[in-house]
Structure formats: C-alpha cells, structure tokens
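Peer 1: Sequence and predicted model, in that order:
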Number of protein chains: 2
Amino acid sequence: MRILIASTNKGKIEEFRRILEPLGFEVVEPKEKIEVEERGETFLENACLKAKAYFERYGIPTLADDSGLIADAISPYPGIYSSRFYSIDFGGKEEVKTTKDEANIRKLLRLLKGKKERSAKFVVVLFFYGGDRGFFVEGEVRGRISEEPRGEKGFGYDPVFIPEGYDKTFGELTPEEKDRISHRGRAIRKFLEIIKGCEGVFT
Amino acid sequence: MRILIASTNKGKIEEFRRILEPLGFEVVEPKEKIEVEERGETFLENACLKAKAYFERYGIPTLADDSGLIADAISPYPGIYSSRFYSIDFGGKEEVKTTKDEANIRKLLRLLKGKKERSAKFVVVLFFYGGDRGFFVEGEVRGRISEEPRGEKGFGYDPVFIPEGYDKTFGELTPEEKDRISHRGRAIRKFLEIIKGCEGVFT
C-alpha cells in the first residue's frame, strides 16, 4: 500500500517514512511541489485542500499536514499564518534579517512584549485523503511563550515555546522528549491508531 | 454513544435515526439551526464546515452532509449551489413560481436545452466530526438529465435524473430502488463500513 506525502520537504517525508514503512506502507514522494492556495480558515481545511490537490494530481492516497502556533493574547494568530507571520499586515510586517523563523519569532515576541498573557498552543492536523473516503486527526500541546528564544533544536517557534509542566523550550528538548509531548507526536500516534485499528477500511 | 445530526431537516434526521439507532447510536437533533456560511468550494469542505460548527456549539460528535448535482455540460454547476441554483447569477436567475425545486429544475432544463451532452452525476459527502478526529465518505451516481421532469417521488433534481443503466428517473423509482444505487445510499453504506469496521476509534 502506497501513501503519498503532500509535501516536498525532505525532512517531513523522511519523518513519515520512518514511521510508516515499518507498518508496511510504501511512502511516496511527489515528483514536484503543487502550489496549493491555502484559502481555508483553519488547519483542518488547509490540510484537506493540500491532501486533495496532491491526490488529484498523482492518484495515490495522500497524507497532508498543516500546523501552527496560536498565542492566546493575539488569538487566532499566528495560526494559519505561522510560517509567514513576519510578512502579514496584522501586527506590522517584520524584516527578514537572517531566516524567516527568526523574523516570525521576533514579531511574536514584539507583539507579546509586556503582556502577562503568554499562554499558547501548537496545533497540527494530519489529513489522509483516499478519494472517496478519508480521515483526519488533530494533535495539540498547550504551553507558554518565553521572553527570549532558547535552544537550537527543532524549528519554527520551538525556541520560544515552553510546553506545560516544563521549564525548557521545545528548542532545548531532545527530539525524543519533544515527540513524547508535542502536537505532532500526539497526532501521529492517533493517526497510527486509526490506520492500524481500521485495517483495510481507508487503505 | 450519541451522534448529532448537523441539520434541522426532520426528514434527514429521521433517515439517519433509522440507520444508526439499530447499531446502538443515539441520534440527537440540534435544538436550533446554525447558519453556517458555506464558503467552501466543494461538497467536502462544506460538509466539514457544517459538522465543525455544530460540534463546536453542542459538543457532541456530529454528522453532516452536503450534496448536489453536477451536469457535465455546465460543470461544476449546479454543484455546491444545487439547492439555490435558481437564484445565482450563473445562467441567469429563475423565478420561483411554485417551489424552489421546480425553479431549479426549470433553470437546469433551460441551460441544457438542445444540448447533446446531458450526462450528470449526483454527489454526496458525509462528514463525521468528533473533535480531535473525524472521517468522511463520498458517494456518487452517474446518469443523465431527462428532457422533461418525470415522477413524483424523491426531492430536488430527482424528477430529471436518470441513473446509468435505467430508463426511469429517480422521481419514478421507489425509495428502496433509489437507495440501492443512489449517491446517498452508497455513501451511507461506506459510512457504516467505517463506523463498524473501526469500532471505538472514532466514537
């Protein structure tokens, strides 16, 4: 059984390959990136749009994801704009000096500066689209935004996100520690529960 | 296990009750209709938006549907506009003389008048939303649009839809005959396959 990953991000494809191949799935990489207009207003809608677009081009059951950070004080932002938060009008644009991640973080910290409400959550939706049927799972982790970036691990907003019950940011946790509690780790475990628990129903 | 139906249409609720209660589900009717902005461009997106809106209001796992007719000669119309096709700009508006169904059919027949390409399909998406997970199924039936409405059974475009392999319209078939081949009948059987085949995973 083949599953196409709706992404050309090598890291993401390898991550899914590592998880799905031991279960007997063959993970397929798309030949080229499809520019999907993310016109949805939620992670769920955007993950669905991506999965559908890749399925329609390649005809292979497809797994897509969409994820982001929501800071309660400025909810629903960065939200579905997480990866390009620096560039949107809300809160003023931020210059990219080194990386987009760094500019996104700089903007987030600027908007939360002096605010007591620093609670936030990371959310991810995995959407599996098989043509006439499909399913999704959502994973979430609550936490708070640190005053300053800390740690070199992870990516995106990891250096400023402190998960509930921890003092370290995601940027300071090992991949194994992060997987155990992260939105993505939780979503992947639910995804596996369904893929295994519903053998042959979706695939 | 309770399932909320994302509709206040009594007929629809009774139909789902008939199918789901023998399987041990308690079918719940919403106290009031939620006006969901159907801003999606597909049946899948709109069914998802409806299920999510009702779930968020009532906190009960929710089943929504969205359906319509697509006539190939004017594809993707009537499509997601099927129930209010008479009122949209595409193809010119149609006056409601008796019922909306009649006005929709009159407009469809006007737009297909003299056209050789009369092939069409009915599509329905059922979307089950349980909060952090959910699934969908799609059902489809191909056929063609008759020259004139025939039969008093069914609803919507049924009097002008002749399913493949038949000479009668859906309006002329008994409910049992229609269920066996209709988009809705097919989708419901897939829905049941998943609800039963994935016991406890979604519910």
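Peer 2: Happy to help now that I have it.

Peer 1: Count the residues that sit near A:Val160.
Peer 2: A:Val160 is flanked by 28 other residues according to other C-beta atoms under 10 Å in any protein chain shown. Backbone N, C-alpha and C define where each C-beta goes, glycine included.

Peer 1: Next, it: phi, psi?
Peer 2: phi -120, psi 10 (degrees, to the nearest 10).

Peer 1: Contact partners for it?
Peer 2: A:Ile105, A:Leu108, A:Leu109, A:Ile145, A:Ser146, A:Glu148, A:Pro149, A:Arg150, A:Thr169, A:Gly171 (C-beta atoms under 8 Å, 6 or more residues apart in numbering or on different chains).

Peer 1: hey, what's the fourth one bridged with?
Peer 2: Meaning A:Ile145. Going by DSSP bridges, A:Ile145 is paired in beta bridges with A:Phe161.

Peer 1: and it, how many neighbours?
Peer 2: With other C-beta under 10 Å as criterion, A:Ile145 counts 23.

Peer 1: before we move on, what about the last one?
Peer 2: Here the number of neighbours of A:Gly171 (other C-beta under 10 Å) works out to 22.

Peer 1: Okay, the closest residue to A:Ser82 other than its chain neighbours and A:Phe161: tell me how far apart.
Peer 2: Excluding its sequence neighbours, the residue lying closest to A:Ser82 (C-beta to C-beta, 6 or more residues apart in numbering or on different chains) is A:Gly68, at 3.3 Å. Note on A:Gly68: its distance to A:Phe161, by C-beta to C-beta, to the nearest Å, is 12 Å.

Peer 1: what touches both of these two?
Peer 2: In contact with both A:Gly68 and A:Phe161: A:Phe122, using C-beta under 8 Å, 6+ apart.

Peer 1: quick one: buried residues of the lowest-mean-pLDDT helix or strand in chain A?
Peer 2: Counting by mean pLDDT, DSSP states H and E, the weakest-scoring helix or strand in chain A turns out to be helix A:10-20, with a mean of 86. Judged by neighbour count using 16 or more other C-beta atoms under 10 Å in any protein chain shown, the buried positions of helix A:10-20 are A:Ile13, A:Glu15, A:Phe16, A:Arg17, A:Ile19, A:Leu20.

Peer 1: just to revisit the earlier point, identify those among the contacts of A:Val160 that sit within strands.
Peer 2: A:Ile145 (DSSP state E).

Peer 1: Output the contacts of A:Val160 in a markdown table, with pLDDT appended to each entry.
Peer 2: As requested, those are exported to a markdown table (pLDDT from 0 to 100):
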| residue | pLDDT |
| --- | --- |
| A:Ile105 | 98 |
| A:Leu108 | 98 |
| A:Leu109 | 98 |
| A:Ile145 | 98 |
| A:Ser146 | 98 |
| A:Glu148 | 97 |
| A:Pro149 | 98 |
| A:Arg150 | 98 |
| A:Thr169 | 98 |
| A:Gly171 | 96 |
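
Peer 1: and the contacts of A:Val160, which are buried?
Peer 2: Those of those that meet the buried threshold are A:Ile105, A:Leu108, A:Ile145, A:Ser146, A:Pro149, A:Arg150, A:Thr169, A:Gly171, by 16+ other C-beta under 10 Å.

Peer 1: pretty sure the residue nearest to A:Ser82 belongs to a strand, no?
Peer 2: Yes: A:Gly68 sits within a strand when classified using DSSP: H, G, I helix; E, B strand; the rest coil.

Peer 1: what about it, how many residues close to it?
Peer 2: By other C-beta under 10 Å, the residues close to A:Gly68 number 23.

Peer 1: Could you do A:Ile3 as well?
Peer 2: Using other C-beta under 10 Å, A:Ile3 is surrounded by 21 other residues.

Peer 1: Run through the residues of chain A sitting next to chain B.
Peer 2: Taking C-beta under 8 Å from any C-beta of the partner chain as the contact definition, chain A meets chain B at A:40-42, A:44-45, A:48-49, A:52, A:131-140, A:190, A:193-194, A:197-198, A:200-202.

Peer 1: I'm done for today, thanks for sticking with me.
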